[in-house]
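Participant: model this:
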Amino acid sequence: MRSAPLPRPARVGVALLLAAGLFWAGTHDATAVTAMAKCWARAAETLGMRGAFWHEQPTLLPGSTSLPAKFTYGAAYSFACLLLLLALTPGRTWRLCAAFYGGLFLVSAALVLLGKAAGSTSALFALGRPVIDLTLNPLPVIVLAPLMHWLHPAAGKPRA
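Facilitator: Numbers count the residues shown, from 1 in each chain. This is a model prediction of the structure:
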């Protein structure tokens with residue numbers, strides 16, 4: 001049984017809230033990742049898991065790194081982008097948007113993990129970084145939302 005779609009004013013309100021949250025996350029990503037790294041480190045210590053994997057580690061680049069924190073941030077940001085696409089695109093096209101965005105996220109994660117396994121100077125890691133940067137910004141949403149309305153004009157009629 002399908003639930004009724006949200007009325008247009010509610011979809012616009014949700015889209016504005018998500019856009020504001022994504023804007024904050026994009027401008028304060030270091031703060032968000034640092035907070036998540038501390039949460040992961042506390043959770044790991046509580047569960048008795050000790051090791052550098054769970055903690056922030058200094059890098060040559062500005063800031064610190066924690067793979068679980070960065071993955072959590074990336075997954076949350078991507079999920080918020082998918083929700084924004086759900087609010088902005090016609091219902092029948094959302095699955096295509098989700099497949100594209102999810103595929104982009106999976107490809108970037110695979111490239112970085114394989115690149116890390118091969119060494120952080122490998123070509124896979126170097127290729128994975130720009131793909132992650134594309135995933136963790138609103139550009140796919142900015143492109144996909146109007147593209148879905150253009151490709152499926154009949155689906156773009158008001159749902160409510």
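
Participant: where does the nearest residue to residue 78 once chain neighbours are set aside land on pLDDT?
Facilitator: Spatial nearest neighbour of residue 78, excluding adjacent residues (C-beta to C-beta, 6 or more residues apart in numbering): residue 105 at 5.0 Å. Glycine gets a C-beta too; all of them are placed from N, C-alpha and C. At residue 105, the model reports a pLDDT of 78.

Participant: hang on, residue 105 in a strand?
Facilitator: No: going by DSSP: H, G, I helix; E, B strand; the rest coil, the assignment for residue 105 is helix, not a strand.

Participant: what about residue 143, how many neighbours?
Facilitator: By other C-beta atoms under 10 Å, 11 other residues sit near residue 143.

Participant: looking just at contacts, which helices and strands does the one helix or strand it maps to meet?
Facilitator: Applying DSSP states H and E as the criterion places residue 143 in helix 139-151. Where contact means 3 or more C-beta pairs under 8 Å, 6 or more residues apart in numbering; DSSP states H and E, helix 139-151 is packed against helix 67-88, helix 94-118.

Participant: just those helices: most buried one?
Facilitator: For the helices and strands packed on helix 139-151, the largest average neighbour count (mean count of other C-beta atoms under 10 Å) is found in helix 67-88, namely a mean of 18.

Participant: Would you mind listing where the protein has pLDDT under the threshold?
Facilitator: Residues of the chain that meet the criterion pLDDT under 70 lie in 1-5, 50-65, 120, 154-160.
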